[in-house]
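Undergrad: Generate a structure from the sequence data that follows.
(chains A and B)
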Number of protein chains: 2
Amino acid sequence: MRIVVMSGGVGGARMARGFGQLSEIDLTVVVNVGDDADNHGLRISPDLDTVVYTLAGIEGPHGWGRVEDTFALNEELARFGLDNTFQLGDRDLALKLFRTDAMANGSTLSGVTEVVSRSFGLGARIIPVTDDRLRTMIRIGEGWISFQEYFVTRRFQDEVLDVRYDGAQTAPPAPGVLAALEAADMVVIAPSNPPLSIWPMTAIPELREALAVHPSVTAVSPLIGGKTVKGPADVVMASLGLPEGNAGVAEAYAGLIDRLVIDLADSDHAPSLDDIEVVATNTLIKEPAAAARLARELIGS
Amino acid sequence: MRIVVMSGGVGGARMARGFGQLSEIDLTVVVNVGDDADNHGLRISPDLDTVVYTLAGIEGPHGWGRVEDTFALNEELARFGLDNTFQLGDRDLALKLFRTDAMANGSTLSGVTEVVSRSFGLGARIIPVTDDRLRTMIRIGEGWISFQEYFVTRRFQDEVLDVRYDGAQTAPPAPGVLAALEAADMVVIAPSNPPLSIWPMTAIPELREALAVHPSVTAVSPLIGGKTVKGPADVVMASLGLPEGNAGVAEAYAGLIDRLVIDLADSDHAPSLDDIEVVATNTLIKEPAAAARLARELIGS
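TA: Coordinates of the predicted model:
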C-alpha cells in the first residue's frame, strides 16, 4: 500500500514514524520547507531534519535537532558577536554543513535529502515539497517577519495577523512529489499546524490541485481537547479567523480532504460536514507504538 | 619598539608569542595564507588560526586547532561520505563558520582577522599577507597538488620536486602590511619552513621589495642540530636543491635578511656569509618563557 504523508515538523514526523513501522507500507513523506532559513551561511531545513531524525529514532527532546547532541560550536559563535539563539548542535551541524556545501556545488535540496535519508538508513522516501525557495512570512503588529524570527527568536508570542508564502505561487513541486501523490492509495495530512506547516505546501498550485483531485485524502487534526499538543496552531488559526476547534481544521483544508480524523477528546464537538467523513480516535502519537496504531487505523488494517 | 614577525604556522606563532609577552613591543604579525583551503565549503586559514590561538594561549597540542576541543561535527561528516582527515574541532569550526559567512557577505580576510583578534582579546595586530587568493602548490611524482593534500592527506611523505605560489605574482599585500614593514624597527622572519611558509609571502613582489630594502631583517633558522623541530622543512629544502644546514636557510633568504640567528647546536657549522651577520643562541621556543627570552635577545634588551 502506498502512503504519502504531508508533513511539517514534529507532528508530521511522528505520523510518518507511525507508517514507517508498518512493513507493508511504501512510504513517501512530503515535507514543508517554508520554515527554511539561512543561518551563519548554512542552509537550515528544520522540518526536513526533524522528519529525518525522527524516522532514524535520534530526534531531539524539544522538537528540533538530535538527541544527546553537544553545542560547543553554537556556544562559541557568541564570541564573534553572532546571534546563536537558534540552537545548532554539533552533530546536527554536520548535516547542515554537508547540505550547504552540496547545494553550493549544484545539488538540489531534494537530491541532498535523498543522500541524507540513505546515510541514516531510512526506508521511506523523504522529499521537500519543492526545490525552489519558499518562505513562510508572518505579519505581526510590527510588520512582516520570517517564520524563524516569529517562532525561534520571538517564541511565537506575537499575534499572527496574516501569513503569506513567498515563492509558492511559482514553485514547482520537487521531482517525485506529484508522482508519489498520484500513485498514493492514501494521502495523509499529518497533525501539523495547518496555516504554518501545511498551507505553505498547498499554496503551490500544482500540489493543491493534486490533493484536490486525489480520491483519498485524510487529515489528522492537530487538536486534542480543542488545543494543540505543541506549538501555536490553535491560537494562529483563531487569529486568522478560522472557526474554533475542528470546524476550523476542516475549513483550513476545505476542498482538499475526504476524511478528518479528530481526537476522542473532541468527539462531543465533532463538526458536521458535507463531503467530509469525520472519525474520532486516539490521536496522541508521541510514542512510536501509538503512532503505529493510528497509522494502522488510518489504513483500516 | 615596532616589530613585524613574518610567520607561518607553529614556529611563527611561537616566535610571535615571545614578542607578545614584551610590554614595550608594538607587534604586527604578517601571516602566510598559502596553506589556505576550502574544506566542506568553509574557509580554512591554518596559519592565521594557529597564530591567533597561540597568542590567545589556547593552541592545540599538535600544531593545529584549539586545546581541549571536541570533534563531534567532524566525526559525523563521515556519515555523509565526506573526507574528514583534516581534523576540525567544534570550537575551532565556530571561527571557520564566522569567517566563511563574513567573507560571503563581503568582508575581507584581513577584516575578519581583525575582528577575530579582537574577539580573543589579542594585543598584537595579525594580518594575512594578502587578501587575494594565494595558494602554495607542490609538485610530487604524480604531479601538482595543494599544500593541504601534501601536508594533511599525504602526511608530507612525498618528495617535493618543485613549489609554486599561485596568485602571488599579482597579489597586493593586505592593507597595513607594507605600512607595518616600513614603520618596523625590526622585521623578524620566524623559524618557519622557508619554502613552504615564508616563500609564499616573499613571492609577492611588493612584499619582497619591502623586505629587501628594510634596514633590519632578522631570520631565525628553523633548524636545530641541522634538523627541523617539526615538519619537513629540512627535507623539502634539500630536495629543492638548497645547501644543507643553515647555509641553505641563508640562501633561501638571500637578498632579504641582514642577520641569521641559528641554534647553539649548529654553531660549529655556522655558515660564513658576506653581508649577513650570523648569531648563535638557544632557538628552541616551545615554551612561552623561552620564546620571550629569544625575543628579548633579538631586540638586544
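
Undergrad: Run through the residues of the stretch 51-200 of chain A sitting next to chain B.
TA: Contacts of the stretch 51-200 of chain A with chain B, taken as CB under 8 Å from any CB of the partner chain, map to A:69-70, A:72-74, A:76-77, A:79-82, A:90-91, A:93-95, A:97-98, A:100-101, A:104, A:115-116, A:119-120. All C-beta atoms are positioned from the backbone trio N, CA, C, and that covers glycine.

Undergrad: Now the buried members of these.
TA: Using 16 or more other CB atoms under 10 Å in any protein chain shown as the burial test, those include A:69-70, A:72-74, A:76-77, A:80, A:82, A:90-91, A:93-95, A:97-98, A:100-101, A:116, A:119-120 as buried.

Undergrad: Which of these fall in helices?
TA: Using DSSP state H, the members of these that fall in helices are A:72-74, A:76-77, A:90-91, A:93-95, A:97-98, A:100-101, A:116, A:119.

Undergrad: And what about A:Val30, helix, strand or coil?
TA: Put simply, A:Val30 is strand when judged by DSSP: H, G, I helix; E, B strand; the rest coil.

Undergrad: what's the burial count for it?
TA: 30 (other CB atoms under 10 Å in any protein chain shown).

Undergrad: With A:Val4 instead?
TA: By other CB under 10 Å, 28 other residues sit near A:Val4.

Undergrad: quick one: which helix or strand includes it?
TA: According to DSSP states H and E, A:Val4 maps onto strand A:2-7.

Undergrad: hey, C-alpha coordinates of whichever helix or strand comes after that strand in PDB?
TA: Using DSSP H and E, the next helix or strand after strand A:2-7 towards the C-terminus is helix A:10-20. C-alpha atoms of helix A:10-20 as PDB (Å, rounded to 0.1, in the frame of the first residue of the first chain):
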ATOM      1  CA  VAL A  10       7.200  17.300  15.000                       C
ATOM      2  CA  GLY A  11       3.600  16.200  14.500                       C
ATOM      3  CA  GLY A  12       4.300  15.200  10.900                       C
ATOM      4  CA  ALA A  13       7.500  13.400  11.800                       C
ATOM      5  CA  ARG A  14       5.600  11.300  14.400                       C
ATOM      6  CA  MET A  15       2.800  10.500  12.000                       C
ATOM      7  CA  ALA A  16       5.400   9.400   9.400                       C
ATOM      8  CA  ARG A  17       7.200   7.300  12.000                       C
ATOM      9  CA  GLY A  18       3.900   5.500  12.600                       C
ATOM     10  CA  PHE A  19       3.600   4.500   9.000                       C
ATOM     11  CA  GLY A  20       7.400   3.800   8.900                       C
END
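
Undergrad: Strand A:2-7 and helix A:10-20, what's the angle between them?
TA: When axes from the mean of the first three to the mean of the last three CA atoms, to 10 degrees is applied, the directions of helix A:10-20 and strand A:2-7 differ by 160 degrees.

Undergrad: Residues contacting helix A:10-20, please?
TA: A:3, A:5-7, A:25, A:27, A:29, A:31-32, A:47, A:50-51, A:53-55, A:59, A:63, A:122-124, A:188, A:190-193, A:197, A:220, A:222, A:229-231, A:285-286, A:288, A:290-295 (CB atoms under 8 Å, 6 or more residues apart in numbering or on different chains).

Undergrad: And the strands in the stretch 151-300 of chain A, which stretches?
TA: A:162-166, A:186-189, A:217-220, A:223-224, A:227-228, A:259-263, A:277-281 (DSSP state E, counting those that start in this stretch).

Undergrad: Can you tell me which of those strands is most buried?
TA: Of the strands of the stretch 151-300 of chain A, the one with the most neighbours on average (mean count of other CB atoms under 10 Å in any protein chain shown) is strand A:186-189, at a mean of 27.

Undergrad: Please name the strands paired to it in the sheet, noting orientation.
TA: strand A:2-7 (parallel), strand A:217-220 (parallel) (DSSP bridges).

Undergrad: And for A:Val129, the neighbour number?
TA: 29.

Undergrad: Give me the mean pLDDT for stretch A:86-104.
TA: Regarding stretch A:86-104, the rounded mean pLDDT is 97.

Undergrad: how about CSV for the strands of the stretch 151-300 of chain A, with distance to B:Ser146 and mean pLDDT added?
TA: As requested, the strands of the stretch 151-300 of chain A are exported to CSV (distance: least, CB to CB, whole Å; pLDDT from 0 to 100):
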stretch, distance to B:Ser146, mean pLDDT
strand A:162-166, 40, 97
strand A:186-189, 50, 98
strand A:217-220, 53, 98
strand A:223-224, 57, 96
strand A:227-228, 53, 91
strand A:259-263, 58, 98
strand A:277-281, 61, 97
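
Undergrad: Is A:Leu27 in a helix, a strand, or coil?
TA: Judged by three-state DSSP, the three-state class of A:Leu27 is strand.

Undergrad: Quick one: residues contacting the nearest residue to it once chain neighbours are set aside.
TA: Leaving aside its sequence neighbours, A:Leu27 sits nearest to A:Ala124 (CB to CB, 6 or more residues apart in numbering or on different chains; 4.1 Å). Residues in contact with A:Ala124 (CB under 8 Å, 6+ apart) are A:Ala16, A:Phe19, A:Gly20, A:Leu27, A:Thr28, A:Val29, A:Leu55, A:Ser117.

Undergrad: Tell me the most packed of these, by neighbour count.
TA: Comparing those on neighbour count, A:Val29 comes out first with 33 neighbours (neighbours: other CB under 10 Å).

Undergrad: so what's it bridging to?
TA: Listed by DSSP bridges, the beta-bridge partners for A:Val29 are A:Val5, A:Ile126.

Undergrad: what's it in contact with, if anything?
TA: Contact analysis of A:Val29 by CB under 8 Å, 6+ apart lists A:Val4, A:Val5, A:Ser7, A:Gly12, A:Ala16, A:Val51, A:Leu55, A:Ala124, A:Arg125, A:Ile126, A:Ile127.

Undergrad: repeat that for 10 Å
TA: A:3-7, A:12-13, A:15-17, A:19-20, A:47-48, A:51-52, A:54-55, A:113, A:117, A:122, A:124-128, A:180, A:188, A:190 (CB atoms under 10 Å, 6 or more residues apart in numbering or on different chains).

Undergrad: about what we covered before: among the contacts of A:Ala124, which pair sits farthest apart?
TA: The span of the contacts of A:Ala124, defined through CB to CB, is set by A:Phe19 and A:Ser117 at 14.8 Å.
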